[in-house]
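Peer 1: Next input, structure requested:
(chains A and B)
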Amino acid sequence: DSGVTQTPKHLITATGQRVTLRCSPRSGDLSVYWYQQSLDQGLQFLIQYYNGEERAKGNILERFSAQQFPDLHSELNLSSLELGDSALYFCASRPTGAGNTIYFGEGSWLTVV
Amino acid sequence: AQSVTQLGSHVSVSEGALVLLRCNYSSSVPPYLFWYVQYPNQGLQLLLKYTTGATLVKGINGFEAEFKKSETSFHLTKPSAHMSDAAEYFCAVTPANGQNFVFGPGTRLSVLP
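Peer 2: Numbering: from 1, shown residues only, chains lettered A, B, ... in the order given. From the prediction side, this is the model:
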């Protein structure tokens, strides 16, 4: 158990819909990362937050957005869903400090039908 | 900008044979280097990491990796493969300031009986 909690574990939804994925980081970790993993694209970095502020942005679509709340949990919002958005979405957290390990949650499986 | 390449998207070895998974990185600053493993339907977990000090680092499950600055490499090895080692392996790099945790594309390891 990494200490990073993601909900829901599985989600099936229709095209055009909107979903929210939730992440609780490890206790005390200020950094939260979101990744998308699909068979054809591999592990893609989406976005990073640090203590409530966006710190880095990767290959995140405009239809996707994220935020980190004062209690440090984070949400990834996916809207106008397309079939190609079907993937495993990982949240990860990391303690502050150079060289520290990034810890992954178990992921949220999203299937768009 | 940093990047990570992993030679071979799929590596097959026989049980008991040497495992060698290759990782090369590019970084404008001294990096910290990591290897993660992902078992089917699970999140990524840390195998080992290099930050400073001894360039040969040992990790869990008998894996080790050697940081070679002159070759910008951080190859992962295990003397004798076990069936349970079958998984996807990711190399990752981050600079000393802790930003931009970059993963390689991954190498799928198959272990044949």
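Peer 1: which residue is nearest the centroid of the chain?
Peer 2: No chain specified, so I'll use chain A. The residue lying closest to the centre of chain A (C-alpha atoms, centre = their mean) is A:Trp34, at 3.2 Å.
Peer 1: You answered for a different chain; I wanted chain B.
Peer 2: In chain B, the residue lying closest to the centroid (C-alpha atoms, centre = their mean) is B:Trp35, at 3.6 Å.
Peer 1: Can you classify that residue as helix, strand or coil?
Peer 2: Three-state assignment for B:Trp35 (DSSP: H, G, I helix; E, B strand; the rest coil): strand.
Peer 1: That one bridge partners, please.
Peer 2: Legend: beta-bridge partners of B:Trp35 under DSSP bridges are B:Leu48, B:Cys91.
Peer 1: did I read that right, the residue nearest to the centre of chain A in a strand?
Peer 2: Yes. Judged by three-state DSSP, A:Trp34 forms part of a strand.
Peer 1: if you skip the residues just before and after it, what's nearest to it?
Peer 2: Sequence neighbours aside, A:Leu46 is the residue nearest to A:Trp34 in space, at 4.2 Å (criterion: C-beta to C-beta, 6 or more residues apart in numbering or on different chains). Backbone N, C-alpha and C define where each C-beta goes, glycine included.
Peer 1: got the contact list for that neighbour?
Peer 2: By C-beta atoms under 8 Å, 6 or more residues apart in numbering or on different chains, A:Leu46 lies in contact with A:Tyr33, A:Trp34, A:Tyr35, A:Gln36, A:Lys57, A:Gly58, A:Asn59, A:Ile60, A:Phe64, A:Ala66, A:Leu76.
Peer 1: Can you give me the pLDDT of B:Asn97?
Peer 2: Per-residue confidence (pLDDT) for B:Asn97: 64.
Peer 1: repeat for A:Arg94
Peer 2: Note on A:Arg94: pLDDT of 91.
Peer 1: Give me the neighbour count for residue 52.
Peer 2: You didn't pick a chain, so chain A it is. By other C-beta atoms under 10 Å in any protein chain shown, 14 other residues sit near A:Gly52.
Peer 1: hm, I was asking about chain B
Peer 2: 11.
Peer 1: repeat for A:Ala14
Peer 2: A:Ala14 has 8 nearby residues by other C-beta under 10 Å.
Peer 1: now it: how far from A:Ser80?
Peer 2: A:Ala14 is 11 Å from A:Ser80, where distance means C-beta to C-beta, to the nearest Å.
Peer 1: ok, now B:Phe63?
Peer 2: Distance, B:Phe63 to A:Ser80, by C-beta to C-beta: 42 Å.
Peer 1: same question, A:Val4
Peer 2: Distance, A:Val4 to A:Ser80, by C-beta to C-beta: 27 Å.
Peer 1: One more: B:Gly53?
Peer 2: Distance from B:Gly53 to A:Ser80, by C-beta to C-beta: 49 Å.
Peer 1: These two: which has the busier surroundings?
Peer 2: Set side by side, B:Gly53 and A:Ser80 show more neighbours around A:Ser80, with 13 against 7, by other C-beta under 10 Å.
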